[in-house]
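Visitor: just need the structure, nothing else, for what follows:
(2 chains)
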Amino acid sequence: MSTVADIGWEVSSETTVKWLFVVPAVGLLLGIVIYPFLKMIWDSLFSFNSAGQIGHLVGFANYSYVLSDQVFVHSTLFTIGFVIVTVSIELVLGLGVSLLINSFSRIRQVLVVLSLPPMMFSPIVTGLTWRMLFNGSYGIVNYWTGINVDWIGHQPWAYLGVVVSDVWMWTPLFVLVFTATLHSIPDVYYEAGKVDGMSRWQQFKWITFPQLRTAIAITLLLRLIRAFKLFPKVRVLTMGGPGSSTVSLAYRTYQYAFSFFHLGKGSAAGVIYWLIMLVVAMLVFRTIASDLFTTMEG
Amino acid sequence: MDGDDLRSYSSLFVRGSLLVAAIVWLFWIWIPVGWDFFRGLAVTPQTAPPHYIPQNLTLVHYHKLLAGGFLTYVRNSTIITTTSTIISIVVASLAAYSINRYNPGDSQVMMFILGMRFLPPIAVVIPLYMMFLRFQLINSWYGLIIAYLTIGIPISTWIMLIFFRRVPVALEEASWIDGWSRLQTLRRVVLPLIAPGIASAAIITAILMWNEYTMALVLTTNSSAQTIPIYLAGFVTTRGILWGQMGAATMIAITPIIVIAFLLQERLVTGFSLEGSNG
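Guide: Below is the predicted model of the structure:
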């Protein structure tokens, strides 16, 4: 009974579903991300008045202004430094805590759940909380450690403060992913390792680590991207200070557009910021892609 | 035997140190949370030297906060988060289903949707701001609901894709052979199987939106659509530092998240770790 017409209907129905179902997502994203984004690239070539009305074509003047602005250059270096330092600390600390938590069998799950809250808080909450904790007179950090430093008002303490609050917030993500991955490694592997006379270090190196590689690679990518968006936390923790030393890339871009109302310069900064993120993401992604590939083959 | 004794002592020592280390870790995580909690309850939240646990407790900060218009922000956050999460989930589940089954455009559709996560929010929101100025969407719920779709659609597609992979095509085909229509199949076979994935995606998406600051900062200027994070940041940027109310507001902001997290532990843990470890 199966006829050509039947098959034809089947095929067209499949194709219809295939495209019909992705149309809302793709359409919406084209309208509210891609179109405005292309418009921003266009806008970055114009000057704007402070009421936000488009003025005349200025070519690449906005770009040369932004790139020769020392605060912008510093914010780029600060953001890159921040990303490298915090993500490395979070990775190492997260791995250590995961191995620790995984050594408990009965309370493992409880420990994981109790580790999670910070990563679910708004960066604003994290920033405010640490602003209070770091306070010189009323906060507990100086009081409990017996040191006397101005965490918000002086360098390098303000840098350290930003790093500490971020490590507090995001190490739990690594703990969550790593404990789940570690838990999924079959015990048989370790038993076989023991039979072969492997030391603890060899077990880690030859059994645990290869199983963790994919998880490490992808968590790193996600964290790098997210860390690059640093803005709300510093806005309430240090307000970019002292001076403008903790102004991040996103913060500076925001300032151009909405504190100084130079939408043209803001757009140019937005484009540069996006390009920097794209380059970093591609570099990391390429490293990880090859990593994933070898993991799958091995 | 001597050797055995030594071994059991040393294993006791190792277990003891591991336990101490775990306790230190939990203190590190929870001391800042407890700090906020106690600031909100302290009669004098700022004392020198500081008292972690205050000597006298009060609810006056909560009263002041609620009397001072904080509920407007809670209302805005709730409406915007709920609506935008629902739209994201509906749109993303359709997309994830199609991507998983048919991989339209040879992975290009998938890369397009997931690639949105690489865009910095501030670079998305500058052009949105100019667009919304024209359409009068500044200071409106609709503006933020639309803006949050740029976060919600990619993240929920990502999470659901991972869950959808686990639904065998064979089950669907079996139900077609039984004469069920595609819609019936979706509702009776596919939906129950992917429900956990949808739940995880919804929770994580909602948390991201509830906490979002950058876009809300740019797209709202008064309390008609401003959200909780904007109110909280106001303690530093405009309103002046009031530690008692700050602690109280922080507690109100994180309570829904903590409650959801504990009620739906398993869902959330799976969702978050999948977000990080697979796909």
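Visitor: what's the neighbour count on A:G241?
Guide: A:G241 has 16 neighbouring residues, counting by other CB atoms under 10 Å in any protein chain shown. In this view, the C-beta of every residue, glycine as well, is placed from N, C-alpha and C.
Visitor: please apply the same query to A:L283.
Guide: Counted with other CB under 10 Å, the burial measure for A:L283 works out to 11 neighbours.
Visitor: got it, and B:G244?
Guide: As a burial measure, B:G244 scores 22 neighbours (other CB under 10 Å).
Visitor: now do it, the pLDDT please.
Guide: Note for B:G244: predicted pLDDT of 91.
Visitor: got the contact list for it?
Guide: With contacts defined as CB atoms under 8 Å, 6 or more residues apart in numbering or on different chains, B:G244 is in contact with B:39-40, B:42, B:45, B:60-61, B:64.
Visitor: if we go to 6 Å?
Guide: When contacts are counted by CB atoms under 6 Å, 6 or more residues apart in numbering or on different chains, B:G244 touches B:45, B:61.
Visitor: that one and B:R39: what is the separation?
Guide: Between B:G244 and B:R39 the distance is 6 Å, computed by CB to CB, to the nearest Å.
Visitor: any common contacting residues for the two?
Guide: Applying CB under 6 Å, 6+ apart, one finds that B:G244 and B:R39 are jointly contacted by B:P45.
Visitor: which residue is nearest the middle of chain B?
Guide: With distances taken as CA atoms, centre = their mean, chain B has B:I207 as the residue nearest its mean C-alpha position (1.7 Å).
Visitor: show me the contacts for it.
Guide: Shown here is B:I207, whose contacts under the criterion CB under 6 Å, 6+ apart are A:120, B:257.
Visitor: shouldn't it be within a strand?
Guide: No: assessed by DSSP: H, G, I helix; E, B strand; the rest coil, B:I207 does not belong to a strand; its assignment is helix.
Visitor: report how many residues lie close to residue 99.
Guide: Because you didn't say which chain, this covers chain A. Counted with other CB under 10 Å, the neighbours of A:L99 add up to 16.
Visitor: I was thinking of chain B, sorry if that wasn't clear
Guide: Neighbourhood size, B:I99 [other CB under 10 Å]: 25.
Visitor: which parts of the host helix or strand of it are buried?
Guide: B:I99 belongs to helix B:70-102 when elements are defined using DSSP states H and E. Taking 16 or more other CB atoms under 10 Å in any protein chain shown as the neighbour-count basis, helix B:70-102 is seen to contain the buried residues B:70, B:73-74, B:76-77, B:80-81, B:83-85, B:87-89, B:91-102.
Visitor: residue numbers of the stretch 101-250 of chain B in contact with chain A?
Guide: B:102, B:104, B:109, B:113, B:116, B:118, B:120, B:122-123, B:126-128, B:131, B:146, B:149-150, B:153, B:207, B:211, B:213-214, B:229, B:232-233, B:236, B:250 (CB under 6 Å from any CB of the partner chain).
Visitor: any idea how far the helix holding B:I99 is from the middle of the chain?
Guide: The chain centre lies 12 Å from the centre of helix B:70-102; the measure is CA atoms, centre = their mean, to the nearest Å.
Visitor: low-confidence ranges in the chain?
Guide: Picking chain A for this. Low-confidence segments of chain A, defined by pLDDT under 70: A:1-12, A:289-298.
Visitor: look at chain B instead
Guide: For chain B, the stretches with pLDDT under 70 are B:1-8, B:266-279.
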